[in-house]
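1. okay, sequence plus prediction incoming.
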Amino acid sequence: MIKAIIATVAVTGFCFVQANSSHASIETDFINQLKTPVIQISKVNHLYPSVMMAQAIVESDFGRSELSLDANNYFGVKGAYNGQSVTMSTGEYTSKGKHYMTAAAFKKYPTVDASIKDNAYLLRHGTLTDPNYYAGTWTSNALSSSDAAMALSLTYATDMNYGNKLNAIISKYNLNKLDGSVSTGDIGSKINASLNKQLAGNSHTSALIREENSRSKINSVPKLIIPNFVFNDNGATAINQGDAVIQFNSLPLQRVVRR
């Protein structure tokens with residue numbers, strides 16, 4: 001009897017280890033399979049590869065979901081692709097976080113690469129009514145992959161924890177290594193992203209920025225007007241309250257007078 005128990009435990013333990021090893025192999029194989037196209041397509045579109053890979057993992061369950069197997073849809077994108085779609089049951093969340101099930105049409109792709117390219121196109125071009133809907137994911141606007149992932153909460157998915165889930169996946173599988181040297185755009189974009197992050201919690205300051213932005217049109221292109229107090233330059237010359245100035249390293253770059 002004792003020998004039988006020991007044998008059973010030994011066999012069960014072996015099966016458990018073997019199952020875990022198989023599970024890890026599936027996850028590793030999935031990441032390795034998608035790594036090259038995800039990196040190439042993301043960088044061409046100025047997106048973070050780590051976020052794209054995390055999306056594919058969350059949306060397709062490492063390529064094991066019915067949608068990814070039947071339709072090569074690795075990102076849960078709804079609609080039709082070249083007239084092709086499949087209807088499946090999907091879980092959604094209300095604005096109050098209540099989960100419910102519904103049926104929806106999802107795009108059916110001919111290849112995995114087509115799915116990755118279409119998701120990149122969606123993030124870069126937004127919706128029909130708002131082309132900048134996913135602008136928070138762009139490398140020119142997001143200072144890190146973590147910020148880009150959080151920008152997808154309540155925009156890409158109805159799940160309020162979507163951004164946190166993506167960041168947990170990025171951390172668990174060390175997906176930041178896929179980003180390598182990601183271009184974050186020119187100095188103007190970097191300043192813009194930094195200011196948005198710093199001023200996000202200050203409604204009064206944000207209101208001033210928005211007001212100045214609405215007044216400013218330089219060469220018919222909207223420009224961010226940065227109040228001089230943002231840089232906290234004690235040596236800067238005082239400016240009339242009716243003026244706003246862009247400053248960089250204490251040097252005024254452009255003055256815009258209120259009208």
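-> Yes, it's here.
2. what is the end-to-end distance of stretch 135-143?
-> Start to finish, the residues bounding stretch 135-143 are 12 Å apart (Cα to Cα, to the nearest Å).
3. what does stretch 74-87 give?
-> So stretch 74-87: terminal residues 15 Å apart, Cα to Cα.
4. buried ones in that stretch?
-> Judged by neighbour count (16 or more other Cβ atoms under 10 Å), stretch 74-87 contains these buried residues: Y74, F75, G76, V77, Y81, S85. No exception for glycine: its C-beta is placed from N, CA and C like everyone else's.
5. which non-adjacent residue is nearest the fifth one?
-> Nearest in space to Y81, with sequence neighbours left out and distances taken as Cβ to Cβ, 6 or more residues apart in numbering, is K107 at 4.0 Å.
6. let me see the mean pLDDT of the strand or helix carrying D118.
-> Element membership of D118 [criterion: DSSP states H and E] is helix 112-125. Averaging pLDDT along helix 112-125 gives 98.
7. one more: stretch 180-192?
-> pLDDT averaged over stretch 180-192 gives 58.
8. ranges for the helices of the stretch 101-250 of the chain?
-> 112-125, 145-150, 162-172, 187-199, 203-215 (DSSP state H, counting those that start in this stretch).
9. phi first, then psi, for F75.
-> F75 adopts backbone torsions of phi -130, psi 10, taken as degrees, to the nearest 10.
10. okay, now the unreliable bits of the stretch 1-150 of the chain?
-> Residues of the stretch 1-150 of the chain meeting the criterion pLDDT under 70: 1-23.
11. ranges for the strands of it?
-> Secondary structure of the stretch 1-150 of the chain by DSSP state E, counting those that start in this stretch: the strands cover 85-93, 99-107.
12. ok, the first one: who's next to it in the sheet?
-> Sheet pairing for strand 85-93, assigned by DSSP bridges, gives strand 99-107 (antiparallel).
13. so what touches the strand it pairs with?
-> 67, 71, 73, 76-81, 84-94, 115, 118 (Cβ atoms under 8 Å, 6 or more residues apart in numbering).
14. can I see the domain layout of this structure?
-> For the chain, the structural domains run 2-178, 187-257, going by automatic domain parsing.
15. circling back to that earlier point, closest to N167 among the buried residues of stretch 74-87?
-> N167 lies nearest to F75 out of the buried residues of stretch 74-87, by Cβ to Cβ, at 17.1 Å.
16. against L47, how distant is the closest residue to that closest one other than its chain neighbours?
-> Once flanking residues are discounted, F75 sits nearest to N119: 4.3 Å by Cβ to Cβ, 6+ apart. Applying Cβ to Cβ, to the nearest Å, the value for N119 to L47 is 9 Å.
17. likewise L152?
-> For L152, the distance to L47 (Cβ to Cβ) stands at 11 Å.
18. tell me, how many residues neighbour E27?
-> 15 (other Cβ atoms under 10 Å).
19. and the nearest residue to it once chain neighbours are set aside, what is it in contact with?
-> Excluding its sequence neighbours, the residue lying closest to E27 (Cβ to Cβ, 6+ apart) is F62, at 5.3 Å. Taking Cβ under 8 Å, 6+ apart as the criterion, F62 is in contact with I26, E27, F30.
20. can you list the buried residues of stretch 74-87 in JSON lines and add distance to Y173?
-> Putting the buried residues of stretch 74-87 into JSON lines (distance: Cβ to Cβ, whole Å) gives the following:
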{"residue": "Y74", "distance to Y173": "16"}
{"residue": "F75", "distance to Y173": "17"}
{"residue": "G76", "distance to Y173": "19"}
{"residue": "V77", "distance to Y173": "22"}
{"residue": "Y81", "distance to Y173": "28"}
{"residue": "S85", "distance to Y173": "30"}
